[in-house]
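Trainee: Predicted model and sequence below, questions to follow.
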Amino acid sequence: MFWRARTTSGRAICLSGQFPAIKVEEVMGGRVTFAGLPAVELGAEVDWTANPHGNRSWALNLHTLRWMGRLVAEYERSGGQAYLHRAADLAEQWIRANPRGGPGVSPWAWAEHAVALRAPVLVCLSEHVRTRLLWDSLAEHGEILADPALYRAGHNHGLDQDIALLVVGCRLGRARWRDLAVRRMTASAELAVDEQGVLQEQAPRYGLYVHRRLGVALRAIGESGAEPPQGLIARRAALEAYVAHATQPDGFLAPIGDSPADVRGDGFPHEGPVVRVFDGGYVFGRTAWDDPRSAYYSIRFGPGRRLHGHEDHLGVTYSAQGRRILVEAGFHSYERTGYVEWTRSPEAHNVPVVEGTFRPGTATRLAASSVGSSRQCFELADDAYGPDRTRRVLVNHGPDLMAVHDSVAGGTLRSLWHLDPSLKVVSRRDGAVVLGDGGDWRVTLLQFPGSGMGVRPGLISTGYLRTAEVVTVLSPPAPDVLTVIVPGAADPRVSVSGETLTVHTPDGPVTLHPWYNQST
């Protein structure tokens, strides 16, 4: 059925080290586990239309064959012929059962991302197995990958398409495909990643993914004999600053856009300022690097929602004293459900919601900023609901405090705040909610005006297909609302003298009004 074929028309650049880990013996027995879902018995003869969990990610994983690619890697490691025979059998099964455009073929079989992720698997297999069926399939994959009508420029799928086209082109001895892939990678990276490192897909988790895949791309380019483009190297390096600043003190990425709350981003080089404004739409700030008790916050603005972004403009997250306080709804899954749709809506984020009709995809501008060592202030504005809405954010360090003033021209708004799942209500009164983490630590949320403030249960995502109940605070409807978060305090005292409002924290007083542009 097959024979060793190390001498063929071109080099096999095998990227098996990038395939996901599997339980090899489980797969050999016809059992697979994808997307964190329970294992599924595929059997010896696979039903390629199967989707027992009704899950989009599971179906995609089945057709990428990356799980089968690990059998090839195990054969190379151990020399066990059974692994190679099973991999070859699965590949032949897939090719025969999934003719492009054939009746009854799963729509996932020839989805552009499935093609991009499957092609490198077939290249790895072709290092040891050569049949006309496999060779013809590689050629078909290459034609699809080279088709400009199917290409996703500036997108992580496009990068995966380029990697696949490069390795297929090298294997089949088609230099024009290799050269096209390298040209597209460079141009696409300049669309996807700006000079500051911000990824246009609007989710730090995808910054992590693209950084990793660019590393694979550069390795593949080098192995192909081509010179890695300096522009590609520069864009990958720029991504590191974006991911580093988007990583919270506990090592997990800020759950912004389609970024699961349980994805780690630590390990990226970081130095220089602890507060960074990225023109692409992010403010990230902390009190120190490499300190798990560091205060940390994020603020969203910039271009309207696209790709993996959410309607989170003006949204903030906040941590202090080693605890998460304000969180986002985060990423749940790619399923088409009402809850997933809600996680992308303004109401799932810490934003001011204005009475009226929301206009999706509205851009938000950063109107002003003032960054000092112990006090940072930012002003943002947009017209996402028609009338201008403005948010002013002050973050104070030592004492720790966040103050947010929301206002809307000629209307009313309500400010939404989602608290970390670890925090439960200890006490409340008009204008104040005190929350605790089960121990002695407390945080207080104050609002002005406070009469009519609502406290209700909410639901956020803590990881893929996982949720947790949280406390959500909703301000009373008003033309403007001031919200103050005081970590480490149980119902702090507030005093007013003329136009000056002072919050007395356990570590000292903080003046809030007038507070904007006071950077010391």
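Mentor: Now that the structure is in, tell me what you want to look at.
Trainee: just for this protein, where's the confidence low?
Mentor: Scanning the chain with the threshold set as pLDDT under 70 gives 1-9, 513-520.
Trainee: all helices for it, in order.
Mentor: Along the chain, the stretches classed as helices by DSSP state H are 24-28, 56-64, 66-78, 81-97, 112-126, 132-146, 156-172, 175-192, 204-224, 230-245, 338-343.
Trainee: Of all those, which one is nearest residue 253?
Mentor: Residue 253 lies closest to helix 204-224 among the helices of the chain, at 4.7 Å (C-beta to C-beta). For glycine as for every other residue, the C-beta is placed from the backbone atoms N, C-alpha and C.
Trainee: Please identify the buried residues of that closest one?
Mentor: Neighbour-count burial for helix 204-224, counted by 16 or more other C-beta atoms under 10 Å, picks out 204-211, 213-214, 216-221, 223-224.
Trainee: Then stretch 366-374?
Mentor: By 16+ other C-beta under 10 Å, the buried positions in stretch 366-374 come out as 366, 369, 371.
Trainee: C-alpha coordinates for stretch 217-226, PDB please?
Mentor: This file holds the C-alpha atoms of stretch 217-226, laid out as PDB (Å, rounded to 0.1, in the frame of the first residue of the first chain):
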ATOM      1  CA  ALA A 217       6.500  30.100   9.900                       C
ATOM      2  CA  LEU A 218      10.000  31.500  10.300                       C
ATOM      3  CA  ARG A 219      11.300  28.000  11.000                       C
ATOM      4  CA  ALA A 220       9.600  26.600   7.900                       C
ATOM      5  CA  ILE A 221      10.900  29.400   5.800                       C
ATOM      6  CA  GLY A 222      14.400  28.700   7.000                       C
ATOM      7  CA  GLU A 223      14.100  25.000   6.400                       C
ATOM      8  CA  SER A 224      12.800  25.700   2.900                       C
ATOM      9  CA  GLY A 225      16.100  27.400   2.000                       C
ATOM     10  CA  ALA A 226      14.600  30.900   1.700                       C
END
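Trainee: which other residues reach that stretch?
Mentor: Identification of contacts with stretch 217-226 by C-beta atoms under 8 Å, 6 or more residues apart in numbering yields 11, 13, 15, 159, 162-163, 166-167, 170, 178-179, 182, 185, 227-229, 232-233, 236.
Trainee: That stretch: how far from the chain's middle?
Mentor: Relative to the chain's own centre, stretch 217-226 is displaced by 27 Å; criterion: C-alpha atoms, centre = their mean, to the nearest Å.
Trainee: ok, now stretch 471-478?
Mentor: Offset of stretch 471-478 from its chain centre (C-alpha atoms, centre = their mean): 28 Å.
Trainee: Just the C-alphas of it, formatted as PDB.
Mentor: Coordinates of each C-alpha in stretch 471-478 appear next as PDB, following Å, rounded to 0.1, in the frame of the first residue of the first chain:
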ATOM      1  CA  VAL A 471     -22.200  39.800  41.400                       C
ATOM      2  CA  THR A 472     -23.100  42.500  38.900                       C
ATOM      3  CA  VAL A 473     -23.700  46.100  40.100                       C
ATOM      4  CA  LEU A 474     -25.900  48.300  38.000                       C
ATOM      5  CA  SER A 475     -26.000  52.100  38.700                       C
ATOM      6  CA  PRO A 476     -29.200  54.000  38.800                       C
ATOM      7  CA  PRO A 477     -30.100  55.800  35.600                       C
ATOM      8  CA  ALA A 478     -28.600  59.300  35.500                       C
END
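Trainee: ok, and what's touching it?
Mentor: For stretch 471-478, contacts defined as C-beta under 8 Å, 6+ apart pick out 355, 412-419, 423-425, 433, 435, 445, 447, 449-458, 481, 483.
Trainee: can you do 7 Å?
Mentor: Applying C-beta atoms under 7 Å, 6 or more residues apart in numbering, the external contacts of stretch 471-478 come out as 355, 412, 414-419, 423-425, 433, 435, 445, 447, 449, 451-458, 481, 483.
Trainee: what's the answer for stretch 323-341, then?
Mentor: 55-57, 255-256, 258-261, 312, 315-319, 343, 348-350, 417-420, 437, 441, 443, 460-461, 464-465, 467, 485, 487.
Trainee: Buried ones only from those residues, please, as a ChimeraX command.
Mentor: To isolate the buried members of those in ChimeraX, using 16+ other C-beta under 10 Å:
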select :55,56,57,255,256,258,259,260,261,312,315,316,317,318,319,343,348,349,350,417,418,419,420,437,441,443,460,461,464,465,467,485,487
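Trainee: Please list the members of the contacts of stretch 323-341 that lie in strands.
Mentor: Counted as lying in strands by DSSP state E, out of those, are 316, 317, 318, 319, 417, 418, 443, 460, 461, 467, 485, 487.
Trainee: What is the most widely separated pair among the residues you listed?
Mentor: It's 467 and 487 that sit farthest apart of the ones in strands among the contacts of stretch 323-341, by C-beta to C-beta, at 25.1 Å.
Trainee: Which residue of the protein lies farthest from its centroid?
Mentor: Computed with C-alpha atoms, centre = their mean, the residue of the chain farthest from its C-alpha average is residue 498, at 45.2 Å.
Trainee: and the gap between that residue and residue 511?
Mentor: Distance, residue 498 to residue 511, using C-beta to C-beta, to the nearest Å: 12 Å.
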